[in-house]
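Trainee: could you work out the structure for the sequence below:
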Amino acid sequence: MGEFLQHLTALSLGGGLVILVLMAAARLTGSRYAARWRCWVWLLLCLRLAVPLPLLPQASERAAPIQLPTVEDRVVLQPTPSPAASASEPGPETQPSPDPAPEISAPGALPKEPFSLSAWQLLFALWLAGMAGVLAWGVVSHLRFLRYLRRWAAPVGEPEVLSLYNALGDKLGLDRRPRLLSCPGLFVPMLAGMFRPVLLLPEERPAGDALKYSLLHELTHYRRRDIFRKALALWVRAVHWFNPLVWLAVRWMDRDLELSCDEGALKLLPPEEHAAYGRTSLDAVCPPGPPPPRPATGPAWRGPPHAARRPHETGGRFF
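Mentor: Next up is the predicted model:
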């Protein structure tokens, strides 16, 4: 257990150093390197951080000629003897009582050892609790989002929207496509779901080329399987919850995924439409008008808070 925690700490510190180098390189190089290359580097780093175990077998260590004493794992929690037991011990002025008859234990019975916890065991329990808390937060958020979709999402039935959606899917070469649903409380389209993906459109959805560019962006995410990368980032953040650099790296990875998706979408558009695509992306970040109203159901509306956020704020849905 102690060796596992030491390896986890060393891996997290080494990963934090790599994260700092990657962020500094991104600042210095700017746009000279495509975001998709940074996404591949983030993916490799997440794959290594996701497995907190040594990948190579440890070589046998030969004994050193000079041996130093090692500090053993100290017991930090152990029950104290009861007052009755301490009072029964003979003092300096009391005569010891005759020894009682020895207790006869059952054959094969093991002697009872007092319960104790070492420092490594306490640290391991703390790490497990933090990891379980981060994962539980993600699962609870996912369940709330599913309940929200079951209550409010509905299939899109407009023929012109479905025709545009199928045309973009054919352009991207997608044999299978996510379901197209309309969901209140959203500002812009977003992709949700890892095993049963859906593409969600807001009720007040953009029209014309803006809708075309938004659907193209989300379908590019679907073709690149970015949802799986986000799920991997969630697992890495749970394993290394104690490292703030990992949390920062997940935000940078989400940003680079969005930039890389924009690069892939622009390759499918003619150059004269690049400016319009950029304006649509800016409107998704900072919409010009007020946000769309929530459903007029009064206090009974229980949509999750993240449902009305923009995709760049939530980083997409992992499940």
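Trainee: biggest helix in this structure by residues?
Mentor: With secondary structure taken from DSSP state H, the chain has its longest helix at helix 119-152.
Trainee: for the residue lying closest to residue 191 once chain neighbours are set aside, helix, strand, or coil?
Mentor: Closest residue to residue 191 apart from its sequence neighbours, by CB to CB, 6 or more residues apart in numbering: residue 218 at 4.7 Å. Using the backbone N, CA and C atoms, a C-beta is placed for each residue, glycine as well. Judged by DSSP: H, G, I helix; E, B strand; the rest coil, the three-state class of residue 218 is helix.
Trainee: what do you get for residue 181?
Mentor: strand.
Trainee: do I have it right that residue 23 meets residue 252?
Mentor: Yes. Counting by CB atoms under 8 Å, residue 23 touches residue 252, with 6.3 Å between them.
Trainee: picking that back up, what pLDDT does the residue nearest to residue 191 get?
Mentor: Residue 218 carries a pLDDT value of 93.
Trainee: what ranges does the chain have for its strands?
Mentor: Listed from the start of the chain, the chain has strands (DSSP state E) covering 75-77, 117-118, 154-155, 179-183, 190-192, 198-202.
Trainee: ok, of those, where does mean pLDDT dip lowest?
Mentor: Among the strands of the chain, strand 75-77 scores lowest, at a mean of 57.
Trainee: on contacts alone, who are the packing partners of the longest helix of the chain?
Mentor: Helices and strands touching helix 119-152, by 3 or more CB pairs under 8 Å, 6 or more residues apart in numbering; DSSP states H and E, are helix 2-29, strand 75-77, strand 179-183, helix 226-239.
Trainee: lowest-confidence stretch among the ones you listed?
Mentor: Among the helices and strands packed on helix 119-152, strand 75-77 scores lowest, at a mean of 57.
Trainee: give me the phi and psi for the residue nearest to residue 166 when sequence neighbours are not counted.
Mentor: Spatial nearest neighbour of residue 166, chain neighbours left out: residue 177 (7.8 Å); criterion: CB to CB, 6+ apart. With angles defined as degrees, to the nearest 10, residue 177 sits at phi -130, psi 150.
Trainee: for residue 177, give me its contacts.
Mentor: Contact analysis of residue 177 by CB atoms under 8 Å, 6 or more residues apart in numbering lists 165, 166, 169, 199, 219, 222.
Trainee: let me know the pLDDT of it.
Mentor: 91.
Trainee: residue ranges with poor pLDDT in the stretch 51-200 of the chain?
Mentor: 56-116 (pLDDT under 70).
Trainee: one more time with 80
Mentor: Applying pLDDT under 80 to the stretch 51-200 of the chain flags residues 55-117.
Trainee: picking up where we left off before, in TSV: the strands of the chain, plus mean neighbour count and distance to residue 17.
Mentor: Formatted as TSV, those follow (neighbours: other CB atoms under 10 Å; distance: least, CB to CB, whole Å):
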stretch	mean neighbour count	distance to residue 17
strand 75-77	12	31
strand 117-118	14	29
strand 154-155	10	49
strand 179-183	18	42
strand 190-192	23	33
strand 198-202	22	38
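Trainee: number of nearby residues for the residue nearest to residue 206 when sequence neighbours are not counted?
Mentor: Leaving out its chain neighbours, the residue that sits closest to residue 206 by CB to CB, 6+ apart is residue 214, at 6.2 Å. Residue 214 sits with 24 neighbouring residues when counted by other CB atoms under 10 Å.
Trainee: make TSV out of the strands of the chain and add distance to residue 15.
Mentor: Shown next, in TSV, are the strands of the chain (distance: least, CB to CB, whole Å):
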stretch	distance to residue 15
strand 75-77	29
strand 117-118	27
strand 154-155	43
strand 179-183	36
strand 190-192	28
strand 198-202	33
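Trainee: among those, which is nearest residue 235?
Mentor: strand 190-192 (18.2 Å; CB to CB).
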